[in-house]
Structures are given as C-alpha cells and as structure tokens.
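K.L.:
sequence plus the predicted model coming up.
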Amino acid sequence: MEWPTLDEYEKLLIRMSTPRVMIDNAGCSNATRVMIDSARKHGILLEAVQVLMDLNLSIKKAYISSDGRWFMDVFHVTDLNGNKLTDESVFRYIEQSLETVHYGISKSFEGLTALELTGTDRVGLLSEVFAVLSNLHCTISDAKVWTHNGRIAALIYLKDNISGSSIDDSDKLDAIETMLRNVLKGDNDIRSAKTSVSFTVTHTERRLHQMMFADRDYDRKFGMSARGESAVISVQNYLQRDYSVVNIQSKDRTKLLFDVVCTLTDMQYVVFHATVDTSGDRATMEFFIKHMDGSPISSEAEKQRVILCLLAAIERRASEGVRLELCTSDRKNLLADVTRTFRENGLNVTRAEISTRKDTALNVFYVTDAVGNPADSKLIESVRQKIGLSDLKVKELPLIYHQTVERAGPTTMGSGGAMLLSLGSMVKRNLFNLGLIKSYS
C-alpha cells in the first residue's frame, strides 16, 4: 500500500475539518434552512451562530447535535421582516464565511487602536469619556457601549486626529489609559475601573460579553435588580448520560442565541445537543452541556452561577429606554458635544453603537432619565431641537417578525419543573430535522 504524500494528507485533513454548508429555500415554507456539518471542535457552534448574527438574521428554530466527533445542525432563518433569504450574494457570504470561519478582526478596524473600558456606570459617564478622548486629539471611528447591573463596558476604536492613523506612541497611550481610569473610578467606585489597549483579535460583541463577565456584572449583590421581563432559566443534571440540561424561556429578540452560546462557550462548556424554538415573541431553548473534560455540572453553587451568568448575558443587550439615531456629517468633537447635551438634560445612555462610514456619523443611543425610567417625550424633543431635528431622530426598536412556525414534530417546552425528554428521543428528533432519518417515532 502506497501512503499519500504529507501534502496530500494535510489536504485531506483540511477537507475533513472544513464545515460543509447547504442552504435550502424549498424545505420550509416560511424560513430559509442553513444546514452545517463538520468535524466537532470547541467553539464551532458559536462560530456558526456568529456568522448568522452578523447578518442580522432572525433564527426561528435550530437543531444541534454534536455527539462523537461530528457536528451537525440546522438553522431556520429569516430577515428581520420575517422573509426568506433570496439574495444570492447573502447565500455566498454565509457559505464562504462558515467554510472559512475565524475570529478575525474586521478590515474596517485596521489602522485603528482598540481601547477597552470597564467601570461603574453613572449618568454622564460616556460624555466624560468622549470629552477626554477629544481633548487628547483622538477620533472615535467605531464603538460599542453596554451597561448592566450598575456596570459599563466599552470597546472603542480610535485614531490620532492629527496623523489619521492608529496611536502607537506609548506615552500617549499611557496618558489616555490613566485619564480614562480616573474618569471611570469617579468618587465611589465599588470595584476598580479598568482601561487597556487591546491587541487581541476578538469579535467585538463577544469581547464585550467577556469584559462584563470578567467584571462580574452577573453578581447581583453589587447592583440593581434584573432588567425588565427576565428570562426563566433552569439547570438540571441528566445523570443517565452525564449531561447537564439548561432550559431557557425568554422574550425573543435578535442575537439572543449568540448571547447564550457565547456565554456557555466562554464558561468552558461544550454544547452536545440543543433545540431552539420561537413562537410569537417567545423563545424556548434547551442545551445538553458538559465541561470540556466531559463531566456535568457538579454542584448547586455551579448551577446557580450558570443561571446568573446566562441571565446577565441575555439582559446586557436588552434595550432600555428610547432609541435615538444620529445621522449627520462627522466632525471633530461630535460625540463629546452630543453626549454632553444628553448629560445636561438629565438623559442617561444605557447602550450605544457608534460607527463612521466615510464622512458620515451613524450612531445609535438608548437613553433613559437619570433614574432609569423612560425619558419624557417633551424632554426628548427638546434635546432633538438642540442637536438638530433632522440629525437626531426617535426610532422604534427593530421588531422581529413572528409567525406561526411549521412544526416538523412535537416541540420541547423546557422549564425548571418539567420532566426532561430522554436523550435518545431528542437525538432522534434532531436527526429527523437534519434530514438524516425519515421518522423519529
């Protein structure tokens, strides 16, 4: 027997480990099916969900199975208006991204300096941060800011507004970090504020989850009660197969599955089987997980920690307040001026998405009053007049289109007190939905 050359063997390994993707618009009347199979590796599920999330797709249903050495799953997806996907360029993007998936930084961030901030949130904090950066001759090209449980995390991409390139001067970077750390600390910081220049290549929203997790925003004793309508989460052990089963019932929204899978992955859990189902504006998810060493959750304290961390992950992106969209020509000090106006009028920014496209600023702010209640409409109109009625507009939250989904079989409604389905039944159901068997009865 003649062995293949090393190059041929390496090519074979690459082909075996490369995910295979099939996109089908015929198998389901109200959603596009994205089917993926590949060799199993830690994080492959998160990589797949991340690609779909970055396209702002709504995941209506999902079936995941990855026992043994193989990973197979199906996502039923639509656009945010509830329509099937029809754009061939989107199909190609999904296929190419999933087949060559990696956590590379977007090309739009090349030539920028990434700055990470965490600290205690307070009214006007973001205004102070942007004012410091403006005074230090920094231009903010892109940023995302989350707040949760009295804490704030921000990932800011900036450049020197004199040279127009990334900031490489170590003395200037030290000055930026020191001044922002003092701003973040304020007068009554419960835990130490952190500022750092990031040289790691990580997806922005995954990094924000990691930063808030490291900052222990899930620990209720440091801050406020749960936001709005909280998810219902339970964790039970399925001892016959050494799995821990996580059941989540929550209000549905975009990127919900990403937030949950991101947290499980970063907590070093492996998802072996899962189902996701949506009905109306509700989402039900069930995950069969283990530690990376193959063991289930071993204590009540660990179960409670998983519940708190998943609850925090779901709440971080929950949009509180009025959504304001700013679209205007970019200029020096724009963010500092806008957020100062918010602060002077008693508006608190609970979440922000900052972006710049060519010479246009495209920014989204979610604002409440100073104590976290909905801001008065007259106050909002007053702020709009000061900033510019044509530039700052009130926008409704993007709604996820919901409809009665097709049922390929009975669904599982997980809850803390519900009897778990046998794992064998779940695997058969997933294989049926993957199209690999004709019946699971």
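P.N.:
Okay, I see it.
K.L.:
next, count neighbours for Lys159.
P.N.:
18 (other C-beta atoms under 10 Å). In this view, the C-beta of every residue, glycine as well, is placed from N, C-alpha and C.
K.L.:
surely it touches Ser166?
P.N.:
Yes. Checked against C-beta atoms under 8 Å, the pair Lys159 and Ser166 is within contact range at 5.8 Å.
K.L.:
what do the two both touch?
P.N.:
Gly111, Leu112, Thr113 (C-beta atoms under 8 Å, 6 or more residues apart in numbering).
K.L.:
next one: Leu239 from Val270, what distance?
P.N.:
Distance from Leu239 to Val270, counting by C-beta to C-beta, to the nearest Å: 18 Å.
K.L.:
give me the more crowded residue out of those two.
P.N.:
Using other C-beta under 10 Å, the more surrounded residue of Leu239 and Val270 is Val270, with 20 against 9.
K.L.:
rewinding a little: and the shared contacts of Lys159 and Ser166, which are buried?
P.N.:
Buried subset of the shared contacts of Lys159 and Ser166 (neighbour count, 16 or more other C-beta atoms under 10 Å): Leu112, Thr113.
K.L.:
let's have the shared contacts of Lys159 and Ser166 in CSV, adding distance to Arg323 and pLDDT.
P.N.:
Converted to CSV, these look like this (distance: C-beta to C-beta, whole Å; pLDDT from 0 to 100):
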residue, distance to Arg323, pLDDT
Gly111, 30, 82
Leu112, 26, 90
Thr113, 28, 93
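K.L.:
closest to Ser329 out of the shared contacts of Lys159 and Ser166?
P.N.:
Leu112 (20.2 Å; C-beta to C-beta).
K.L.:
what residues does the closest residue to that closest one other than its chain neighbours make contact with?
P.N.:
Excluding the flanking residues, the one nearest Leu112 by C-beta to C-beta, 6 or more residues apart in numbering is Tyr157, at 4.2 Å. Residues near Tyr157 by C-beta under 8 Å, 6+ apart: Phe109, Leu112, Thr113, Ala114, Leu115, Ile140, Ser141, Asp142, Ala143.
K.L.:
so where's this structure uncertain?
P.N.:
1-17, 67-68, 100-108, 187-191, 201, 220-229, 397-441 (pLDDT under 70).
K.L.:
now do 80
P.N.:
1-19, 39-41, 67-69, 98-110, 186-192, 199-202, 220-230, 239-241, 319-320, 396-441 (pLDDT under 80).
K.L.:
ok, which stretches of it are helices?
P.N.:
Taking DSSP state H to define them, one finds helices in the chain at 6-17, 44-54, 88-99, 125-135, 170-185, 204-214, 256-266, 300-316, 334-344, 377-387, 423-433.
K.L.:
what's the closest of these to Leu324?
P.N.:
That would be helix 377-387 among the helices of the chain, by C-beta to C-beta, at 7.6 Å.
K.L.:
next, the angle helix 334-344 makes with that closest one.
P.N.:
With axes from the mean of the first three to the mean of the last three C-alpha atoms, to 10 degrees defining the directions, helix 377-387 sits at 150 degrees from helix 334-344.
K.L.:
now do the closest residue to Ala313 other than its chain neighbours against Thr118, distance only.
P.N.:
Residue nearest to Ala313 in three dimensions, not counting chain neighbours: Thr263, with 4.1 Å by C-beta to C-beta, 6+ apart. Using C-beta to C-beta, we find Thr263 at a distance of 17 Å from Thr118.
K.L.:
run a quick neighbour tally on Trp70.
P.N.:
Trp70: 11 neighbours (other C-beta under 10 Å).
K.L.:
wait, isn't it in contact with Ala39?
P.N.:
Yes. With contact defined as C-beta under 8 Å, Trp70 and Ala39 form a contacting pair (6.5 Å).
K.L.:
bridging residues for Phe287?
P.N.:
Counting by DSSP bridges, Phe287 forms beta bridges with Val246, Ala274.
K.L.:
for it, which residues are in contact?
P.N.:
Taking C-beta under 8 Å, 6+ apart, one finds Val245, Val246, Ile248, Val260, Leu264, Val271, His273, Ala274 in contact with Phe287.
K.L.:
equivalent analysis for Arg384, please.
P.N.:
Leu392, Lys393, Val394.
K.L.:
now the strands for the stretch 51-200 of the chain?
P.N.:
If DSSP state E, counting those that start in this stretch is used as the criterion, the strands of the stretch 51-200 of the chain fall at 58-65, 70-78, 113-120, 138-148, 151-160, 194-198.
K.L.:
which neighbouring elements make contact with the second one?
P.N.:
In this case it means strand 70-78. The contact analysis (3 or more C-beta pairs under 8 Å, 6 or more residues apart in numbering; DSSP states H and E) places strand 70-78 against strand 32-39, helix 44-54, strand 58-65.
K.L.:
need the contact partners of the longest one.
P.N.:
The set of residues external to helix 44-54 that reach it, using C-beta under 8 Å, 6+ apart, is 19, 34, 36, 38, 59, 64, 66, 71, 73, 75, 77, 94, 97-98, 101-103, 203, 205-206, 254-255, 257-258, 261-262, 265, 271, 274.
K.L.:
emit the ChimeraX select command for whichever of those are buried.
P.N.:
Selecting only the buried entries of those in ChimeraX, with 16+ other C-beta under 10 Å as the criterion:
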select :19,34,36,38,59,64,66,71,73,75,77,94,97,98,101,203,205,206,254,255,257,258,261,262,265,271,274
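K.L.:
which ones are touching the closest residue to Arg206 other than its chain neighbours?
P.N.:
In space, not counting the residues next to it along the chain, Arg206 is nearest to Cys262; the distance is 5.4 Å by C-beta to C-beta, 6+ apart. Shown in contact with Cys262 (C-beta under 8 Å, 6+ apart): Leu46, Glu205, Arg206, His209, Ala313.
K.L.:
redo that, cut-off 10 Å
P.N.:
Each residue near Cys262 by C-beta atoms under 10 Å, 6 or more residues apart in numbering is listed here: 43, 46, 49-50, 53, 203, 205-210, 213, 255, 313.
K.L.:
just give me the closest of the residues you listed to Asp369.
P.N.:
Leu208 (24.5 Å).
K.L.:
right, and Glu325 touches Lys395 too?
P.N.:
Yes. Glu325 lies in contact with Lys395 (C-beta atoms under 10 Å); the separation is 4.9 Å.
K.L.:
tell me which of these two has more neighbours.
P.N.:
Glu325 (14 against 10).
K.L.:
how much space separates the more buried one from Thr86?
P.N.:
Taking C-beta to C-beta, one finds Glu325 at 27 Å from Thr86.
K.L.:
over to Ser298?
P.N.:
48 Å.
K.L.:
likewise Met292?
P.N.:
40 Å.
K.L.:
next: Arg181.
P.N.:
Arg181 is 49 Å from Thr86, by C-beta to C-beta.
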